[in-house]
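Undergrad: here's a sequence, model it:
(one chain, ligands or ions: 1)
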Amino acid sequence: MQTLRDVLSENIREGELYEPLGGDRVRCYACGHCCPISDGQAGVCKVRFNRSGTLYIPWGYVGGVQCDPIEKKPFFHAYPGALAYSFGMLGCDLHCSYCQNWVTSQALRDPAAVSPPMRVKPEGLVEQALDLGAKAIVSTYNEPLITSEWAVAVFQKAKAAGLVTGYVSNGNGTPQVLEYLRPWVDLYKVDLKSFDEQHYHQLGGRLQPILDTIRRLYQMGFWLEIVTLVIPGFNDSDDELKRMAAFLAGISPDIPWHVTAFHADYKMNDTESTSAETLLRAARIGKQAGLRFVYPGNLPGMVGDGENTRCPSCQALLIERYGYRILRYHITAEGRCPSCHGSVPGRWASSFEGQIASRPFLPTRRDRLSARS
Ligand code: SF4
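TA: Got it, this is the predicted structure:
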């Protein structure tokens, strides 16, 4: 019987994000690990491997697809109400014990993570996204950086069809991968998990490549939003939250910061869920640091006005939300506040055209990808 590793080793092609190191060794720079890889070995992510001096990378499958409101990614300043057709492959360069997508991200590390891949072509994904009414197509669920060649192949078709493209990522990038992505990726969400080197070490990464990536993403003109899952006892101290907020505000006060509530998942089952009070404290810290848009998330209706977007100049209500639902929308066609005409940072449609879904859904049997690939 074929193992998952056997199946994945058939769905490959040569990568573009690597260089020879001499002999049969190569260096991959799809993510911040920059693995040197010997012949016959795989990188830390386990999905990119060296065979006789050629780096092979995942190709031609998805580990899952789902239709999400764009607010779930979360993007709050990019086409509110839009449907984001979301796909992922398998594998990750980190191994967070609280991962909410562990079934796909840890597929090659954890035998309990079982998510059979579906073979598909880029045009099959784009066609289904358009059929379902999506405005955006997003690489998510596993870490998209490690499968960037595939994402770019999908996004090239997607942009030709008029779709907006996005990454939902841990931000463990390199200058090379960001240059590679810049022509094809419009929106970029980074999960800033901590501001502590030791914490990142526990998750299998380093803090500095993530900070460098956040700075570069902003300078390169991606639309950038940041999420921090606030985990009691892990990253919720005033000191750590203040350092995160100061770092982001130092890049730009216009970067939206989502401070979202943790609930027990995967191997982190003995930690309490994040309270609304903790989220509101984190949001206050973000505002005090100078960030103009801070959103306490994952606790709909429990954080007062925190889910809404207000004009940073005159405080007029611009977007009212409940969870992923858009209740009111008042941004002008030019992306301005209708009261004071101040510019609101983001990527805005010329008008709000309603919301296809305010909660995630799976494509129906009739829409199955296998029929199109
Ligand atoms: S994607 Fe990252 S973890 Fe995987 S081989 Fe490349 S550098 Fe290593």
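Undergrad: gap between Leu21 and Ser38?
TA: Distance of Leu21 to Ser38, computed by CB to CB, to the nearest Å: 9 Å. In short, each C-beta sits where N, CA and C put it, glycine included.
Undergrad: show me what from the chain comes close to the ligand.
TA: The chain has residues Cys28, Ala30, Cys31, His33, Cys34, Cys35, Gly43, Val44, Cys45, Arg48, Asp93, Ile146 near the ligand, with proximity defined as CB under 6 Å from any ligand atom.
Undergrad: mind listing the strands for the stretch 51-200 of the chain?
TA: Taking DSSP state E, counting those that start in this stretch as the test, the strands found in the stretch 51-200 of the chain are 54-58, 61-62, 64-69, 83-88, 118-119, 136-139, 164-169, 187-191.
Undergrad: can you tell me what sits against the second one?
TA: If you take CB atoms under 8 Å, 6 or more residues apart in numbering as the criterion, strand 61-62 is touched by Leu8, Asn11, Phe87, Gly88, Met89, Pro117, Met118, Arg119, Val120, Leu125, Leu369.
Undergrad: go with 10 Å
TA: 7-8, 10-12, 86-90, 104, 115-120, 124-125, 139, 141-142, 147, 150, 154, 369, 373 (CB atoms under 10 Å, 6 or more residues apart in numbering).
Undergrad: sheet-wise, list the partners of that strand with their directions.
TA: Sheet pairing for strand 61-62, assigned by DSSP bridges, gives strand 118-119 (antiparallel).
Undergrad: distance between the partner strand and the chain's centre?
TA: Mean-position distance between strand 118-119 and its chain equals 22 Å (CA atoms, centre = their mean, to the nearest Å).
Undergrad: that strand - what's its average pLDDT?
TA: Mean pLDDT, strand 118-119: 88.
Undergrad: same check, this time on stretch 281-293
TA: Here stretch 281-293 scores 98 as its mean pLDDT.
Undergrad: and for stretch 84-97?
TA: 87.
Undergrad: first-to-last residue distance for it?
TA: Using CA to CA, to the nearest Å, one end of stretch 84-97 lies 27 Å from the other.
Undergrad: re the thing from before, buried subset of the contacts of strand 61-62 as a ChimeraX selection?
TA: In ChimeraX syntax, the buried subset of the contacts of strand 61-62 is picked out as below (16 or more other CB atoms under 10 Å):
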select :8,11,12,86,87,88,89,90,104,115,117,118,120,124,125,139,141,142,147,150,154,369,373
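Undergrad: so where is this structure shaky, pLDDT-wise?
TA: Low-confidence segments of the chain (pLDDT under 70): 1-5, 7, 99, 101-115, 264-269, 365-373.
Undergrad: which one of the strands of the stretch 51-200 of the chain has the most crowded surroundings?
TA: strand 136-139 (a mean of 28; mean count of other CB atoms under 10 Å).
Undergrad: break down the stretch 51-200 of the chain into its helices, ranges please.
TA: 102-105, 122-131, 148-160, 175-181, 197-203 (DSSP state H, counting those that start in this stretch).
Undergrad: got a list of contacts for the last one?
TA: The one in question is helix 197-203. So helix 197-203 is contacted by 94-99, 170, 172, 193-194, 196, 205-210, 231, 234-235, 240 (CB under 10 Å, 6+ apart).
Undergrad: which strand in this structure runs the most residues?
TA: Longest among the strand segments of the chain by residue count, using DSSP state E, is strand 223-230.
Undergrad: helices and strands around it, which ones?
TA: strand 164-169, strand 187-191, helix 207-220, helix 238-251, strand 257-261, helix 276-288, strand 294-297 (3 or more CB pairs under 10 Å, 6 or more residues apart in numbering; DSSP states H and E).
Undergrad: just checking: what are the partner strands of the second one?
TA: So the one you mean is strand 187-191. When pairing is defined by DSSP bridges, strand 187-191 lines up against strand 164-169 (parallel), strand 223-230 (parallel).
Undergrad: relative to Thr274, which of the ones you listed is closest?
TA: Closest to Thr274 of the strands paired with strand 187-191 is strand 223-230 (CB to CB; 5.1 Å).
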